[in-house]
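can't give you the sequence, but here's the structure:
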């Protein structure tokens, strides 16, 4: 995973693990690629399954409280959470049950800058009381 700031990367991993615990991302370590860019090394369970249709994904997301914002990049959002890349290669139905799994999405805190009705403000500032 490549991110501009570590704190936002860890936010995204935490959000994924909160919303999709069945496909939890495990942080194995940190490093740099050949270009010297910081990387987080993660592991995720393999899901043996079949693609899910766009309509089924939309139903699944509505049940979780998300609204479809942009079908061109499969973006869903609540005022607090932005979620995109929710297409049929990243949303899988298990071959062993009817369970739906999300394996590779872009999940983040929904800020006004994302222009998806976000209400959250991010900061790297720390305040001590």
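The structure has been received and is ready for your questions. Treat the numbers as computed from the prediction; the structure is a model and nothing was measured. Numbers count the residues shown, from 1 in each chain.

which regions of this structure sit below the pLDDT cut-off?
1-5, 7, 122-124 (pLDDT under 70).

What residues does the residue sitting nearest the centre point of it make contact with?
Nearest to the mean C-alpha position of the chain, by C-alpha atoms, centre = their mean, lies residue 107 at 2.8 Å. With contact taken as C-beta atoms under 8 Å, 6 or more residues apart in numbering, residue 107 is in contact with 12, 15-16, 19, 81-83. Where C-beta positions appear, they are placed from N, C-alpha and C, glycine not excepted.

how about those in JSON lines, adding secondary structure?
Shown next, in JSON lines, are these (DSSP: H, G, I helix; E, B strand; the rest coil):
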{"residue": "12", "secondary structure": "helix"}
{"residue": "15", "secondary structure": "helix"}
{"residue": "16", "secondary structure": "helix"}
{"residue": "19", "secondary structure": "helix"}
{"residue": "81", "secondary structure": "strand"}
{"residue": "82", "secondary structure": "strand"}
{"residue": "83", "secondary structure": "strand"}
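
Restrict those residues to the buried ones and give me that as a ChimeraX selection.
The ChimeraX command for the buried members of the contacts of residue 107 (criterion: 16 or more other C-beta atoms under 10 Å) is given here:
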select :12,15,16,81,82,83
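
between the contacts of residue 107, which is nearest residue 32?
Nearest to residue 32 out of the contacts of residue 107 is residue 12 (C-beta to C-beta; 19.1 Å).

and the gap between the closest one and residue 75?
Computed as C-beta to C-beta, to the nearest Å, the residue 12 to residue 75 distance reads 15 Å.

Show me where this protein has its helices.
6-19, 54-63 (DSSP state H).

Among these, which comes closest to residue 121?
Counting by C-beta to C-beta, residue 121 lies closest to helix 6-19 out of the helices of the chain; the figure is 13.1 Å.
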